[in-house]
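Chemist: Provided below are the primary sequence and the corresponding predicted coordinates.
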Amino acid sequence: MPIALPRIDPARCTGCGWCIAVCPPHVLSLQVVQWKKRSVLDDTGGCTGCAQCAVRCPFGAIRMHKVQPPDSSSSTRELDRYSP
């Protein structure tokens, strides 16, 4: 089942921080990129895909894009390999 992750357009992001304030899992941060503050997604695995950041952005710099989640069955098989 696909999930959505925010994609931040650096040309439109002003570094205002509104997206960071509304992010429930707190996976966004402000970083200096090419001498300008920009919002950055720090933890793709922690993002819930709620899209509150995209809704709140007053500059339309954030759009949600569907991505395929990692195959959980292969992760389970990998863990089983190390079980006693």
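Modeler: Sure thing, it's come through.
Chemist: switch to C-alpha atoms for all contacts and neighbour counts from now on
Modeler: Will do.
Chemist: tell me which stretches of this structure form strands.
Modeler: For the chain, the strands defined by DSSP state E cover 3-8, 28-33, 36-41, 62-67.
Chemist: now for those strands, which one comes closest to residue 56?
Modeler: Smallest distance to residue 56 across those (Cα to Cα): 9.0 Å, for strand 62-67.
Chemist: what's the closest one in contact with?
Modeler: Defining contact as Cα atoms under 8 Å, 6 or more residues apart in numbering, one finds that strand 62-67 is touched by 2, 3, 4, 5, 6, 7, 8, 9, 49, 51, 53, 54.
Chemist: 7 Å instead?
Modeler: Under the contact criterion Cα atoms under 7 Å, 6 or more residues apart in numbering, strand 62-67 has outside partners 2, 3, 4, 5, 6, 7, 8, 9, 51, 54.
Chemist: likewise stretch 15-35?
Modeler: By Cα under 7 Å, 6+ apart, stretch 15-35 touches 37-43, 46-47, 52-53, 56-57.
Chemist: 6 Å instead?
Modeler: Contacts with stretch 15-35, where a contact means Cα atoms under 6 Å, 6 or more residues apart in numbering, come from 37, 38, 39, 40, 41, 42, 43, 53, 57.
Chemist: which of those are buried?
Modeler: 37, 38, 39, 40, 41, 53, 57 (16 or more other Cα atoms under 10 Å).
Chemist: lowest-confidence helix or strand of the chain?
Modeler: helix 72-81 (a mean of 52; mean pLDDT, DSSP states H and E).
Chemist: bridge partners for residue 65, pull those for me.
Modeler: Beta bridges link residue 65 to residue 5 when assigned by DSSP bridges.
Chemist: for it, give its distance to residue 33.
Modeler: Using Cα to Cα, to the nearest Å, we find residue 65 at a distance of 22 Å from residue 33.
Chemist: nice, that's everything, thank you.
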